[in-house]
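Chemist: The amino acid sequence is not available; the structure is as follows:
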């Protein structure tokens, strides 16, 4: 049985653990064996403390034996993106700047996972400080798409998606500032949810762009994604944007066959690969055949989303990353003279090229003489985009688009062209700008490469998105899919 | 919109030291990206700016002391420390 454990869903593993036919130690040992065999090939993890994992598993098994199990995630491993703090574990953000940092505290989501008995299972690779769409910006290692090892897994939560697609772990956490959960989920054939802004506390998430950042669940099925979401949503005064669990977001909604689905005009046209458009159109026809009302909606300012995002996100990043000055933690240059020289040298040595590029861009759009032309106009465009999305969602329950315009590209293919890479997120960015929940659901293949569709809903409509995803998943063969490795 | 772009000034503001090659590369890339931002200059936009939050249920927590990391935990992750305090290069000259 041990050989097949990596193919099972978290829900099924939970049932076997509850029935006493499986122990958390046996599960973790099987996954560690798979990690040893495959992680060098896939590169999903940057760190796995095997002794700590087995100690957590033994503690979980002991709790269960004593009748003190903590629910459906008791004993289930959850791997964590390396920008989410777990006390005593590395917190590198895949950056040289934080390469030697060990977190002195737990994030709120780590506390939540411990509270429900989950196993905190290793650190996942990412684009440096979550800036990127391919995980090629990691300073620590390369991560490859398990479906085609010559291609990128997406990013910035590339390790989180690749670990699932390779069967290295049943559940993972990502963070999403402009699509960093959903885009890699689409490229790796797994499910990824960016919750409503404020549903999950970011306490202990290393800040990139605070008005956009959200932590979210990733899994190989809708059911597993929902299990993890329910464990994470909880009130936390340490993140003032966090409003805590919401019955509206988490209670299963009504009949998904009665959903009204809006298709944004023009979103399946220019720039979308033919096989991606075909897979997404097939999903639309599936919903129509199920009885859903399909209509076209207008989002006239959609073209403004990418420039708006890259002004707002880089402005906030340039401010948030000001804290890396070589003083309190992180890399300090040894060539230091004066304090200012020390700060400048530490930052120049510690940050990689994409992070420097975004800091420079963010510094420019906030600088005297330019802030009104860039930053303030971007905030006004953001208000317009948000207003258009909310207006569209007043008439339909969800909006359906591709998650990404094209399948996963080859490693290095877009490395020298940052603007082309920024356009990867064209469909995912608006949900962050508008604070809306959004879900990527596997819906087919382009050749051998996974394709996903993207659902966006009104604030706190997570249950509707998941219900729509479940309806599709139940009728198709994409749940629990893994690459053959 | 990108008129007046000065990579040296930006690098100074951002506390980054760039090589000559980096200055050329970043200047070119930033100009390309800023060109893409032209759409913002051309757009008809509302005068209002709203909050990023979509659910106005969050509230400020009470202003009371809570748990903090102790000096030992803080200095353990600091690049340099001495006597329970973080060390930095000399800030004030002996003469001053």
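Modeler: Now that the structure is in, tell me what you want to look at. Bear in mind that the values here come from a model prediction, so they are computed numbers and not experimental data.

Chemist: distance between the ends of stretch A:414-430?
Modeler: Start and end residues of stretch A:414-430 are separated by 23 Å (Cα to Cα, to the nearest Å).

Chemist: Please identify the buried residues of it?
Modeler: Neighbour-count burial for stretch A:414-430, counted by 16 or more other Cβ atoms under 10 Å in any protein chain shown, picks out A:414, A:418, A:421-430. Bear in mind the C-beta positions are built from the backbone N, C-alpha and C, glycine included.

Chemist: nearest spatial neighbour of residue A:147, skipping sequence neighbours?
Modeler: Nearest-residue entry for residue A:147: residue A:483, 4.6 Å, with adjacent residues in sequence omitted and distances by Cβ to Cβ, 6 or more residues apart in numbering or on different chains.

Chemist: Pull the contacting residues for that neighbour.
Modeler: Residue A:483 makes contact with A:145-147, A:165-166, A:189 under the criterion Cβ atoms under 8 Å, 6 or more residues apart in numbering or on different chains.

Chemist: same thing but at 10 Å, please
Modeler: Each residue near residue A:483 by Cβ atoms under 10 Å, 6 or more residues apart in numbering or on different chains is listed here: A:42, A:145-149, A:162, A:165-167, A:188-189, A:448, A:450.

Chemist: that's a helix at it, yeah?
Modeler: No - if the criterion is DSSP: H, G, I helix; E, B strand; the rest coil, then residue A:483 is coil and not within a helix.

Chemist: next SSE after the helix ranked longest in chain B?
Modeler: Longest helix in chain B by number of residues, with DSSP state H as the criterion: helix B:20-36. Going down the chain from helix B:20-36, the next helix or strand is helix B:38-42, by DSSP states H and E.

Chemist: Local confidence estimate at residue 96?
Modeler: By default, I'm working from chain A. For residue A:96, the pLDDT comes out at 98.

Chemist: if you could check chain B rather than the one you did, that'd help
Modeler: Per-residue pLDDT puts residue B:96 at 47.

Chemist: re earlier: and the residue nearest to residue A:147, how far from residue A:260?
Modeler: Going from residue A:483 to residue A:260 by Cβ to Cβ, to the nearest Å gives 35 Å.

Chemist: try residue A:347
Modeler: 50 Å.

Chemist: Counting neighbours, go ahead and name the busier of these two.
Modeler: residue A:347 (25 against 13; other Cβ atoms under 10 Å in any protein chain shown).

Chemist: which residues sit in contact with that one?
Modeler: By Cβ under 10 Å, 6+ apart, the contact list for residue A:347 reads A:97, A:321-322, A:324-326, A:330-331, A:333, A:355-356, A:359, B:14-17.

Chemist: So which of the residues you listed sit within strands?
Modeler: Using DSSP state E, the subset of the contacts of residue A:347 located in strands is empty.

Chemist: Got a ChimeraX select line for the buried ones in those residues?
Modeler: Buried subset of those, written as a ChimeraX selection, criterion 16+ other Cβ under 10 Å:
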select /A:97,321,324,325,326,330,331,333,355,356,359 /B:14,15,16
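
Chemist: coming back round to it: identify the farthest-apart pair in the buried residues of stretch A:414-430.
Modeler: A:414 and A:430 (21.5 Å; Cβ to Cβ).
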